[in-house]
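**Q** 3D model of this:
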Amino acid sequence: MCADAVHLFLNPTAGRGRAGKRERRIVDILERGGVTPIVHRSEAVGDLEARVHAAIRNGVTKVIVAGGDGSVHEAANGILRGRNGTAMGVIPTGTGNDFAKAAGITLEWEHATSLLADRVAAGETVRAVDVGRMNERYFVNGAGVGFDARVTRIARSYRIPIGDLVYLLAIFRSMAGGIAAPVMRITGDRKIWDGPVTLANVANGAWVGGMFHIVPTAENDDGRFDLLLAAPVSRRRIISLLPKLMAGTHLGEREIVHEPVRNLLIECEEAVPSHLDGEVQPLQRRFEIEMLSGGLALL
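**A** Predicted structure coming up:
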């Protein structure tokens, strides 16, 4: 079999360093499947995005990303900035792997690598998934404004090897300083909300933080987002809601608003935290969110 050369972008620090330890095995599986990987290792935040973008400017049409949601986020931004339709394959080796779940990719990373090699070698047709754009940055799984962004920032500061539980620990730590409920004016085709909000989550996929089934109905190929809002809540109420958030049974709760949207504008009275695919963004007051239906090709 004639091997197909594909550029493999790997984040060695993903999954608390697991991705780097798995590199040799990933390369072996790809080579056995008839794919010759050209390996690029990211060295800092933003490096993977820059490397992907440089590769597609040089004509690369297929890339594989081995990492977690942060790595996928960077790779997708590198691809979408290039606007050339480059297809992306994902080997989930991160902590949460929320995008992999949304895209129906097995979380058994060796099996995922083998299946990906088979598809590339066979020249199978790619499939398209939806992506979003918020203030000129792209996201593939979801955007969050408010409490979940604050939790994400705290979770990213931990280096302890406890997997998804790091997000649960970050929730309790974030509550210690009080629960902010900034005033937000949220409009889509109509005014959806005008008042204090604990969090606003724009879901393209059903999971966030690895363990929270934030919007069970969310699909990343239906041409719409699922907007989830939470009205102001107390610490005690958040604790009582956590099991429901993990099980995906919270949508009927009195504080929760759930609505399908395509385009969205969120305006805040003060600069607030936000995240895209778990990547913390600078404090901002205005968030313009746009759906790009079928905007990313997946291997």
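**Q** OK, contacts around the closest residue to Arg262 other than its chain neighbours?
**A** Using CB to CB, 6 or more residues apart in numbering and skipping the chain neighbours, the partner closest in space to Arg262 is Met291 (4.5 Å). (C-beta placed from N, C-alpha, C; glycine too.) Shown in contact with Met291 (CB atoms under 8 Å, 6 or more residues apart in numbering): 130, 132, 223-225, 261-263.
**Q** what about burial for these, which qualify?
**A** 130, 132, 224-225, 261 (16 or more other CB atoms under 10 Å).
**Q** would you list every one of the helices in the stretch 101-250 of the chain?
**A** Assigned by DSSP state H, counting those that start in this stretch, the helices in the stretch 101-250 of the chain fall at 109-122, 147-157, 165-176, 235-247.
**Q** hey, which of those is tucked in deepest?
**A** Using mean count of other CB atoms under 10 Å, the stretch among the helices of the stretch 101-250 of the chain with the largest mean neighbour count is helix 147-157, at a mean of 22.
**Q** For that one, give me every contacting residue.
**A** 144, 166-167, 169-171, 173-174, 179-180, 198-199, 201, 208-209, 230, 272-275, 278, 280-281.
**Q** tell me what whichever strand or helix holds Gly78 is packed against?
**A** Secondary structure assignment for Gly78, by DSSP states H and E: helix 69-82. Secondary-structure packing of helix 69-82 (3 or more CB pairs under 8 Å, 6 or more residues apart in numbering; DSSP states H and E): helix 47-57, strand 62-67, strand 87-92, helix 98-102, strand 137-139, strand 279-298.
**Q** Now do it, average pLDDT.
**A** Average pLDDT, helix 69-82: 95.
**Q** Next, the angle strand 62-67 makes with that helix.
**A** 150 degrees (axes from the mean of the first three to the mean of the last three CA atoms, to 10 degrees).
**Q** Now helix 69-82: buried residues?
**A** 69-82.
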